[in-house]
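Enquirer: turn this into a structure:
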Amino acid sequence: MTDLIDIKNNCANTIDELFNKYINNPYMLQRINNHIVKYLPNILEIEINQHSERVIRLNNLINEQQQFIQIFLSKNQYFYLPSSNFFYEYNGKNYTIVKGDEIVYNLLSNISKSKDKLLMKWKQRTKLNILKQIKERSLFSSIPESETIQTILNVLYPSIFTKKSQAKYFLTILGDNILKKKTKLNFIITQKTKQLLIELDNISNITISNTNIINNFMTKYHENYTYETCRLIKINENFSFDLWKDLIRKIGLDLLCVATHYSNRYDNSDQFLEYDAIEEDIKSHILYLKNTNQNEIVNIFCNQCIQKSQNNAFKIEWKKLHFIWKQFLSNCSLPNIIYSNTLKTLLKDKYEYEETTDTFYNITSKYLPVVFDFINFWEETIFITDTPYTNLSTNIEELELYELCLLFKIWVKNKDDAYSSGVINEENVLKILSHFFSNIVIIEDKYVLNIKCKLWDKIKDINNSLEYIKMSFKNKHILMLSFSDAYNYYCKFVGSNNKLIVSKIYFEKYLSVIIIDFIVYDNFISNEWLFTTALNVSEQL
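Expert: Got it, this is the predicted structure:
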């Protein structure tokens with residue numbers, strides 16, 4: 001009301017000033033009268049009509065702009081991250097990094113196609129408005145479609161995780177780390193899982209400029225951790241990391257976005273465990289350390305793996321008992337959660353121990369016979385070669401783990417005083433060798449270098465087959481013999497004598513060393529080899 005009075009007074013004062021100024025000028029007084037009485041009402045009527053039209057046009061333009069922005073941002077799911085200064089686009093299946101210029105081009109093209117050409121007047125203003133809104137849309141607030149989520153889960157399950165709920169839990173942990181949620185948890189994983197996480201961390205650094213999303217994943221337990229804050233992550237140890245690596249690089253950004261979605265959905269990884277759909281056995285394993293303590297774990301180990309005896313002849317050396325402990329951890333998918341000195345002290349409180357022999361007495365274990373037999377087999381039949389080869393591509397004094405398994409079974413079968421059935425798998429052989437014979441060179445968890453076995457002379461078998469291979473070569477009347485054909489002839493020769501057969505890889509590697517001068521085109525033997533005399537193997541090597 002005050003403003004209205006002020007305006008009225010200002011107008012009245014202005015008219016009074018004009019009258020006083022031209023009080024002695026009849027012509028100007030008449031002009032003032034004409035302007036106020038005749039012209040001013042019409043001018044004001046025109047202006048109010050023009051103003052109304054401008055307001056209507058402005059409102060229409062604003063509505064058109066808002067509608068365009070709403071439709072454009074709905075059809076084009078663009079997002080942004082200040083940390084990376086990257087724009088992102090989601091097409092309903094995959095997330096990709098997109099350049100700002102591409103967004104602007106798409107935006108201006110859509111404005112040009114708009115039915116209402118009024119929006120062209122606000123083209124630049126609309127562009128700035130949309131870019132501002134996109135920058136306010138965090139990539140981590142996006143909600144992936146079901147198709148994207150299922151694609152990621154299908155990559156992780158069942159190849160890496162045996163249950164889909166484990167894959168979801170893993171994604172939620174990653175999401176917590178990406179969003180920097182302070183959960184204060186430590187996740188204990190295997191070395192193979194670490195490879196997977198390092199690749200994801202690299203992808204995270206490249207795509208969202210977020211580093212250290214794996215800083216709370218640990219391959220080893222440390223005593224400065226509390227069991228309360230430790231969680232166990234279990235994966236399928238048989239999955240191929242090399243095959244998975246190429247795939248994850250293609251969908252890495254999708255995986256990170258699904259991870260943040262799960263973290264937002266469940267708040268954090270521990271809250272996910274309260275979700276009804278997760279299996280109880282999976283939840284129990286994840287929370288195993290939180291829900292137990294050292295004494296309980298040792299008691300479980302003793303109940304499952306150790307048997308007491310009144311016979312003084314029964315005893316277990318500490319090194320063998322420690323190996324059984326490792327077997328127990330492996331069978332339960334547990335990390336090494338108790339340091340060896342601590343474990344030894346706890347076991348001393350339970351069983352009779354002799355310090356000088358470092359042996360526990362009056363106990364035995366169902367896991368001991370096969371370990372005892374394998375150690376005896378190794379010490380009785382295996383010897384280290386004189387030449388220390390360390391290059392897998394040229395080393396010919398080697399045995400593969402599966403070959404050791406076969407030789408061990410043969411040894412036990414011919415051994416009247418053996419304690420076990422002789423059945424052992426490659427994984428256990430690897431564990432025994434790593435624990436009891438740490439000086440042995442093992443490559444790729446498969447090849448044991450610089451060793452020979454008294455039960456089988458691999459090189460001698462191949463050498464004995466060479467004349468048979470030569471004869472077969474001559475009968476074919478060809479210029480070259482492929483390694484594959486040569487290996488087939490070797491298998492026929494050795495197989496007819498019921499002997500063990502070397503792998504094709506080893507056979508070809510041996511030929512590459514022993515008859516290198518007659519190898520052509522990488523894996524063919526020239527017919528010039530037919531005219532050579534018997535090989536002196538020691539000279540060739």
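
Enquirer: only C-alpha atoms for contact and neighbour calcs from this point on.
Expert: Noted.

Enquirer: give me phi/psi at Phe437?
Expert: phi -130, psi 60 (degrees, to the nearest 10).

Enquirer: scratch that, Tyr88 is what I was asking about
Expert: Backbone dihedrals for Tyr88, given as degrees, to the nearest 10, come out at phi -130, psi 150.

Enquirer: apart from its neighbours in sequence, what residue is nearest it?
Expert: Beyond its immediate neighbours in the sequence, the residue positioned closest to Tyr88 (C-alpha to C-alpha, 6 or more residues apart in numbering) is Ile97, lying 4.5 Å away.

Enquirer: mind checking the SS state of that neighbour?
Expert: Applying DSSP: H, G, I helix; E, B strand; the rest coil to Ile97 yields a three-state assignment of strand.

Enquirer: OK, contacts around it?
Expert: Contacts for Ile97 were tallied using C-alpha atoms under 8 Å, 6 or more residues apart in numbering; they are 86-89, 207.

Enquirer: redo that, cut-off 7 Å
Expert: With contact taken as C-alpha atoms under 7 Å, 6 or more residues apart in numbering, Ile97 is in contact with 86-89.

Enquirer: which helix or strand contains the residue positioned nearest the centre of the chain?
Expert: Within the chain, the residue whose C-alpha comes closest to the C-alpha centroid is Leu196; the distance, by C-alpha atoms, centre = their mean, is 2.9 Å. Here Leu196 is covered by helix 191-208, with elements defined by DSSP states H and E.

Enquirer: give me the buried positions along that helix.
Expert: 192-194, 196-197, 200-204, 207-208 (16 or more other C-alpha atoms under 10 Å).

Enquirer: among these, which two are most distant?
Expert: Between all members of the buried residues of helix 191-208, the longest pairwise span (C-alpha to C-alpha) is found for Lys192 and Ile208 and amounts to 24.3 Å.

Enquirer: give me the low-pLDDT residue ranges for the stretch 251-400 of the chain?
Expert: Within the stretch 251-400 of the chain, the stretches falling below the threshold (pLDDT under 70) are 387-395.

Enquirer: spatially nearest residue to Ile337, not counting backbone neighbours?
Expert: Once flanking residues are discounted, Ile337 sits nearest to Tyr221: 5.5 Å by C-alpha to C-alpha, 6+ apart.

Enquirer: now that neighbour: which helix or strand?
Expert: In this assignment (DSSP H and E), Tyr221 forms part of neither any helix nor any strand.

Enquirer: I'd assumed Tyr339 was in contact with it.
Expert: No. Using C-alpha atoms under 7 Å, Tyr221 and Tyr339 do not qualify as a contacting pair, with a distance of 8.8 Å.

Enquirer: okay, now Tyr510: neighbour count?
Expert: A total of 20 residues lie near Tyr510 under the criterion other C-alpha atoms under 10 Å.

Enquirer: how close does the closest residue to Gly252 other than its chain neighbours get to Phe383?
Expert: In space, and not counting its chain neighbours, Gly252 is closest to Ile203: 6.2 Å by C-alpha to C-alpha, 6+ apart. When distance is defined by C-alpha to C-alpha, to the nearest Å, Ile203 is 46 Å away from Phe383.

Enquirer: before we move on, what about Asn464?
Expert: 22 Å.

Enquirer: which stretches of the stretch 1-150 of the chain form strands?
Expert: Per DSSP state E, counting those that start in this stretch, the stretch 1-150 of the chain has strands spanning 77-81, 86-90, 95-98. These are given in chain order.

Enquirer: now those in a markdown table, with mean pLDDT and distance to Asn9?
Expert: A markdown table is the format used below for the strands of the stretch 1-150 of the chain (pLDDT from 0 to 100; distance: least, C-alpha to C-alpha, whole Å):
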| stretch | mean pLDDT | distance to Asn9 |
| --- | --- | --- |
| strand 77-81 | 95 | 55 |
| strand 86-90 | 96 | 57 |
| strand 95-98 | 96 | 61 |
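
Enquirer: among those strands, which is nearest Cys405?
Expert: When the strands of the stretch 1-150 of the chain are ranked by proximity to Cys405, the top entry is strand 95-98, at 48.2 Å, counting by C-alpha to C-alpha.

Enquirer: which parts of the closest one are buried?
Expert: Neighbour-count burial for strand 95-98, with 16+ other C-alpha under 10 Å as criterion, is recorded at 95, 97-98.

Enquirer: which of these lies closest to Asn42?
Expert: Minimum distance to Asn42 across these is 56.7 Å, recorded for Val98 (C-alpha to C-alpha).

Enquirer: Val502: how many residues sit nearby?
Expert: 19.

Enquirer: separation between it and Asn414?
Expert: Here the distance between Val502 and Asn414 works out to 22 Å (C-alpha to C-alpha).

Enquirer: Tyr221 and Tyr339: which has the busier surroundings?
Expert: Neighbours per residue (other C-alpha under 10 Å) separate Tyr221 from Tyr339, with Tyr221 holding more: 19 against 11.

Enquirer: ok, so what distance separates Asn85 from Gly252?
Expert: Plainly put, Asn85 is 18 Å away from Gly252 if you go by C-alpha to C-alpha.

Enquirer: er, Gln124 I mean
Expert: Taking C-alpha to C-alpha as the criterion, Gln124 is separated from Gly252 by 35 Å.

Enquirer: which of those two has more neighbours?
Expert: Between Gln124 and Gly252, Gly252 has the larger neighbour count (other C-alpha under 10 Å), namely 23 against 12.

Enquirer: wait, is the more buried one part of a helix?
Expert: Yes. Secondary structure assignment (three-state DSSP) places Gly252 inside a helix.

Enquirer: re earlier: test my guess that the residue nearest to Gly252 contacts Asp254.
Expert: No. Using C-alpha under 7 Å, Ile203 makes no contact with Asp254, being 10.7 Å away.

Enquirer: longest helix of this protein?
Expert: Within the chain, and with DSSP state H defining each element, the longest helix by residue count is helix 40-75.

Enquirer: now do it and strand 77-81, the angle between them.
Expert: For helix 40-75 and strand 77-81, the angle between their directions (axes from the mean of the first three to the mean of the last three C-alpha atoms, to 10 degrees) works out to 80 degrees.

Enquirer: averaged pLDDT, helix 40-75. What do you get?
Expert: Predicted confidence along helix 40-75 averages 76 (mean pLDDT).

Enquirer: just the buried positions in stretch 338-346, please.
Expert: Leu343.

Enquirer: restricting to C-alpha, output that stretch in PDB.
Expert: Taking C-alpha atoms only, stretch 338-346 is exported to PDB below (Å, rounded to 0.1, in the frame of the first residue of the first chain):
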ATOM      1  CA  ILE A 338      46.500 -67.400  14.400                       C
ATOM      2  CA  TYR A 339      50.200 -66.900  14.300                       C
ATOM      3  CA  SER A 340      52.300 -70.100  14.600                       C
ATOM      4  CA  ASN A 341      53.800 -69.200  17.900                       C
ATOM      5  CA  THR A 342      50.500 -68.400  19.400                       C
ATOM      6  CA  LEU A 343      49.000 -71.600  18.000                       C
ATOM      7  CA  LYS A 344      51.900 -73.600  19.400                       C
ATOM      8  CA  THR A 345      51.400 -72.100  22.900                       C
ATOM      9  CA  LEU A 346      47.700 -72.900  22.800                       C
END
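
Enquirer: what's that stretch in contact with?
Expert: In contact with stretch 338-346 (C-alpha under 7 Å, 6+ apart) are no residues whatsoever.

Enquirer: distance from the chain centre to it, please.
Expert: Here the centre of mass of C-alpha atoms in stretch 338-346, compared against the chain's by C-alpha atoms, centre = their mean, to the nearest Å, lies 32 Å away.

Enquirer: same question, stretch 89-103
Expert: If you compare the mean C-alpha spot of stretch 89-103 with that of the full chain, they lie 24 Å apart, counting by C-alpha atoms, centre = their mean.

Enquirer: please apply the same query to stretch 294-305.
Expert: Going by C-alpha atoms, centre = their mean, the spacing between the C-alpha centre of stretch 294-305 and its chain's C-alpha centre is 32 Å.
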